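In: okay, here's the prediction I keep looking at, along with the sequence it came from:
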Amino acid sequence: MLFNSFEFLIFLPIVFLLYWFVFDRLMSKSKHQLMLQNAFVVVASYVFYGWWDWRFLVLIGITSFCSWGSGVLMKKADAQEFGNRQVEMRRKAITAANIVLNLSILATFKYYDFFVAEFARLFNLSADGLLLKVILPVGISFYTFQALSYSIDVYRRKIEPTRDVVAFFAYISFFPQLVAGPIERATNLLPQFLRKREFDCDTAVDGCRQILWGLFKKVVVADNCAVVANQIFGDYANMPGSVLLVGALFFSFQIYGDFSGYSDIAIGTAKLFGIRLMQNFKFPYFSRDIAEFWRRWHISLNTWFRDYVYIPLGGSRTTKAKIVRNTFVIFLLSGIWHGANWTFIAWGAYHAVLFLPLILLGKNRKYTNTVAEGRLLPTLKESGQMLLTFMLVVVGWIIFRAESIGDAWHYILGLCAGDVLLAPYQFFVYPHNLTGFFVLVMLAVEWLQRSAEHGLQISGIRFEWLRWLIYLVLIAAMLMFKSFENSQFIYFQF
Amino acid sequence: MRKFTVKILIFGLLLLVVATLADYALSRQYRHTADYRFAVWNDIIQGGMQNDLIVMGSSRSWVHISPKILDSALNISSYNIGMDGSCIDRQIPRYKMYRRRNAKPKVIVQNVDWNSTLQNGPRDKYLQSQYYPYFFDADMRRIAIGPEEFSFFEMWVPLFRYLNHSNLGRTLRDIGSLSDAEYSVEKGYRGFDQTWDGSNLKKIDSIYFKYNPSSLNEFCSYLADCQKDSVKVVFVYAPFYVEGRKKVANLQEFYSLFDSVASEYDVSILDYLENDICSDTTFFYNAMHLNRRGAEKFTCMLAHDLDSILTGPFFWR
């Protein structure tokens, strides 16, 4: 089920009403109230996911059960009278087994065909009989990483393993963030399923606003940008440099609107159920260097790699050679996490190259505050830094979006041609100019709200009628300008 | 919780009111365009027409038979309610709607065809948008707007049908672009000025068309109703380019069927399949459709033949 579908518009209120009125109020005196409410979350989440393809619910079930089981087994190992060393060995073995199992499922569905095909190509063999040709289960990378984080955190004793299997299944499958994140940590999300949730009107209203803003970014900005970007990337060889630049810019806003829009809808929806999810985007296009960009873009994935890969490898408190290695490892992993294609790996490598100078010079944490804090406009220097960072990111998106490394290379070469300075007249026409206008609206709103959690955190506006007018304008914009060519979220494929 | 629920309900209600008003405004705008999709429906719904003769059928009625020529040749009043891309599952509801709001015609000129009279499947969604502006009309909803071609949401949620395959921006632009000259019809007829294009015909090898027997029952029951209602029906086998005709493997099967149906329900037949016009591409713009020149020539022949089978001017009095 897509967030931007009519089915979801029906599904969400029904689930909301049942969740609060039946499984909270009516059952408030039952000692199983929490368990039943969590079970309802699991059922609703499985319906949400099964709407797309119910067969893959088995995979979520296996991932959830095994990860929960690994926690239970670790607790058992703790309770037994072994020596410390033996306990640790057992715990390590259980965690390793769970990691191997989960990564094997992920590898089979996501990477097997790619590596077999590449291997066969390398040795000039035919891979036809060896390929599985299975479709990629939606959201598999997200919930697998979420399950792994639990297992590793239990192993590290950062969190107590839970015996509550229903709460654990709810933690893995919670529908707002099941298919495209944020990739939650057990330390944040699981405890919320282990205690009674309280309804808070202000949080719920803020959730609705965040959903609305996310929908605007997805339906109006991303989907319309996609029309232009697809057209240009699909025929880039015949386009002048200026048009290629437009295509790259529109794709950059498409992927941002799409993914951050999804995250906003997910976080806002979770708020309606009294659940707080982590922030996934902090206005990344207002970053002053690449390091800041990576602290603001897809935060849940990047902190996952930081906590579970980068720091265990030694992080930045090690030799320079190892810092280089660690940086490349996490960026390459981040690239391949997005999909089995050399373009994603190259995209990761490209960002590693941009990031390295900052970390080697110790300047990777130079900008941890909000840009132009307390001021309406940035300084000239800040503007230049943001523009440069953004353009570097745009080049990365070309690599990310292209069908192959060769295509990416030729696209970038096309951008370097002299005609990049000519006006891309064909994209000043309606409706592309309108799409450009909506991009500007999104940027302007987010600039003004850059210290807030999301673009529509407008509880500070005194007049209720004005807030309602803003909601109506956003809804009208969605109805007026929704694109009907692209509705799938990009990150579903990862 | 109560505060939140009340807020959401009020906001939902506000949206519903705005959506209903917008739907009404859009539908009204569409009804005021001259576009061929709506012009005939508008006339039918407005009601009060007193036509002696109406023309029914698919695009082969719509672009073939000019009521203006029939009117002047026969000194009567006629109207063409032919509907592009339709089989009788759409044509009959349109006729029923016509009958509900307008005076009974004396004659129905029913164009019958191998592929556009008896359908071979469920009602399709071709030109579904022609119904959009009439969802506020109870008779239209009951008689003509088929629940099989509109989803529950399209039927009952305001604006949804306009948004399902388009957006409001495009819909408004669509309304704005429907200029009179380009899209208008004349008493339901629309002449096409294109010249012959046989490219599609070349691509076709052979066609075997099957029909759904239930559609034959529907057709027969409509003819029985006309008979009961004392409305004379005339079948017309409209011109079909001779080379195109050869490509329909079971063409004869259909016309034999229509012959037998005609004899059962006392229907006259005017057959133009062997007429000279069928071998001259200057009268067609594709194998199935006459251009304006062909249509006007054909309508003159039709008027002459109708005059003879409907016993001259006395029939119309």
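Out: Sure thing, it's come through. Numbers count the residues shown, from 1 in each chain, chains lettered A, B, ... in the order given.
In: got the residues of the stretch 351-494 of chain A near chain B?
Out: Contact residues (C-beta under 8 Å from any C-beta of the partner chain) of the stretch 351-494 of chain A with chain B: A:431, A:468, A:471-472, A:475-476, A:479-484. The C-beta positions use only the backbone N, C-alpha and C, and glycine is treated the same way.
In: kindly write the PyMOL command that selects the buried subset of the residues you listed.
Out: Burial among those is assessed by 16 or more other C-beta atoms under 10 Å in any protein chain shown; the matching PyMOL selection reads:
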select buried, chain A and resi 431+471+475+479+480+481+482+483
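In: out of the residues of the stretch 351-494 of chain A next to chain B, which sit inside helices?
Out: Taking DSSP state H as the definition of helices, these contribute A:468, A:471-472, A:475-476, A:479-481.
In: so what's the residue count around A:C225?
Out: By other C-beta atoms under 10 Å in any protein chain shown, the residues close to A:C225 number 28.
In: er, B:N291 actually
Out: 20.
In: thought it was touching B:F283?
Out: Yes - between B:N291 and B:F283 there is a contact under C-beta atoms under 8 Å: 6.5 Å.
In: so for these two, which residues contact both of them?
Out: When C-beta atoms under 8 Å, 6 or more residues apart in numbering or on different chains defines a contact, no residue borders B:N291 and B:F283 alike.
In: picking up where we left off before, can I get the residues of the stretch 351-494 of chain A next to chain B in CSV with pLDDT?
Out: Below are those laid out as CSV (pLDDT from 0 to 100):
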residue, pLDDT
A:P431, 66
A:W468, 92
A:Y471, 93
A:L472, 90
A:I475, 91
A:A476, 87
A:L479, 84
A:M480, 82
A:F481, 84
A:K482, 80
A:S483, 79
A:F484, 66
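In: can you lay out the residues of the stretch 351-494 of chain A next to chain B as a markdown table showing distance to A:G314?
Out: Converted to a markdown table, these look like this (distance: C-beta to C-beta, whole Å):
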| residue | distance to A:G314 |
| --- | --- |
| A:P431 | 51 |
| A:W468 | 53 |
| A:Y471 | 49 |
| A:L472 | 53 |
| A:I475 | 50 |
| A:A476 | 53 |
| A:L479 | 53 |
| A:M480 | 53 |
| A:F481 | 49 |
| A:K482 | 48 |
| A:S483 | 46 |
| A:F484 | 50 |
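In: show me what contacts the closest residue to A:G50 other than its chain neighbours?
Out: Spatial nearest neighbour of A:G50, excluding adjacent residues (C-beta to C-beta, 6 or more residues apart in numbering or on different chains): A:L57 at 5.4 Å. Listed by C-beta under 8 Å, 6+ apart, the contact partners of A:L57 are A:46, A:49-50.
In: A:L57 and A:Q37, how far apart?
Out: Distance, A:L57 to A:Q37, using C-beta to C-beta, to the nearest Å: 20 Å.
In: repeat for A:R195
Out: Where A:Q37 is concerned, A:R195 sits at a distance of 11 Å (C-beta to C-beta).
In: which one's more surrounded, those two?
Out: A:Q37 (24 against 9).
In: what sits closest to that one if chain neighbours are left out?
Out: A:F23 (4.0 Å).
In: the one you found reaches A:L36, doesn't it?
Out: Yes - between A:F23 and A:L36 there is a contact under C-beta under 8 Å: 5.6 Å.
In: those two: who's more crowded?
Out: Under the criterion of other C-beta under 10 Å, the comparison of A:F23 against A:L36 puts A:F23 first, with 20 against 15.
In: ok, now which ones touch the more buried one?
Out: A:33, A:36-37, A:40.
In: checking B:Y79 next. Helix, strand or coil?
Out: Three-state assignment for B:Y79 (DSSP: H, G, I helix; E, B strand; the rest coil): strand.
In: show the model's pLDDT score for it.
Out: If you check B:Y79, the pLDDT there is 96.
In: next, the contact list for it, please.
Out: Taking C-beta under 8 Å, 6+ apart as the test, what B:Y79 contacts is B:43, B:49, B:51, B:53-55, B:67, B:187-188.
In: report the beta-bridge partners for it.
Out: Beta-bridge pairing for B:Y79 (DSSP bridges): B:I54.
In: and the gap between it and B:D225?
Out: Taken as C-beta to C-beta, the span from B:Y79 to B:D225 is 19 Å.
In: and the helix-or-strand element of chain A with minimal mean pLDDT, how far out from the chain's middle?
Out: Ranked by mean pLDDT, DSSP states H and E, the weakest helix or strand in chain A is helix A:112-122, scoring a mean of 84. Put simply, helix A:112-122 sits 27 Å off its chain's centre (C-alpha atoms, centre = their mean, to the nearest Å).
In: what domains does the record give for chain A?
Out: Following automatic domain parsing, chain A resolves into domains at A:6-197, A:202-288+A:367-493.
In: rewinding a little: return the entry from the contacts of A:L57 with the maximum number of neighbours.
Out: In those, the most neighbours by other C-beta under 10 Å go to A:Y49, 23 neighbours.
In: isn't A:D164 up against A:A39?
Out: No - using C-beta under 8 Å, A:D164 is not in contact with A:A39; the gap is 10.7 Å.
In: could I get the contacting residues of A:G69?
Out: A:G69 neighbours (C-beta under 8 Å, 6+ apart): A:N98.
In: for it, helix, strand, or coil?
Out: With three-state DSSP as the basis, A:G69 sits in helix.
In: ok, now how distant is it from chain B?
Out: 37 Å (C-beta to the nearest C-beta, to the nearest Å).
In: again, but for A:S141
Out: To chain B, A:S141 is 32 Å away according to C-beta to the nearest C-beta.
In: got a list of what the residue lying closest to B:T281 once chain neighbours are set aside touches?
Out: Nearest non-adjacent residue to B:T281, counting by C-beta to C-beta, 6+ apart: B:W196, 4.1 Å away. Counting by C-beta under 8 Å, 6+ apart, B:W196 touches B:281-282, B:284-286, B:291.
In: buried ones among these?
Out: Among the contacts of B:W196, those scoring as buried are B:281, B:284-286, B:291 (criterion: 16+ other C-beta under 10 Å).
In: quick one, what contacts the most centrally placed residue in chain B?
Out: The centre of chain B sits closest to B:M83, judged by C-alpha atoms, centre = their mean, with a distance of 1.4 Å. Contacts for B:M83 (C-beta under 8 Å, 6+ apart) come out as B:40, B:57-59, B:62, B:90-91, B:94, B:127, B:130.
In: which among these gets closest to A:Y171?
Out: Among the contacts of B:M83, B:L127 lies closest to A:Y171 (C-beta to C-beta), at 50.3 Å.
In: what sits against the closest residue to B:A249 other than its chain neighbours?
Out: Spatial nearest neighbour of B:A249, chain neighbours left out: B:Y208 (4.6 Å); criterion: C-beta to C-beta, 6+ apart. If you count contacts by C-beta under 8 Å, 6+ apart, B:Y208 has them with B:248-250.
In: if we use 10 Å, what do you get?
Out: Going by C-beta atoms under 10 Å, 6 or more residues apart in numbering or on different chains, B:Y208 touches B:248-251, B:253.
In: what would these look like in a markdown table with neighbour count, secondary structure and pLDDT?
Out: Below are these laid out as a markdown table (neighbours: other C-beta atoms under 10 Å in any protein chain shown; DSSP: H, G, I helix; E, B strand; the rest coil; pLDDT from 0 to 100):
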| residue | neighbour count | secondary structure | pLDDT |
| --- | --- | --- | --- |
| B:V248 | 20 | strand | 87 |
| B:A249 | 12 | coil | 86 |
| B:N250 | 14 | coil | 86 |
| B:L251 | 20 | helix | 85 |
| B:E253 | 13 | helix | 88 |
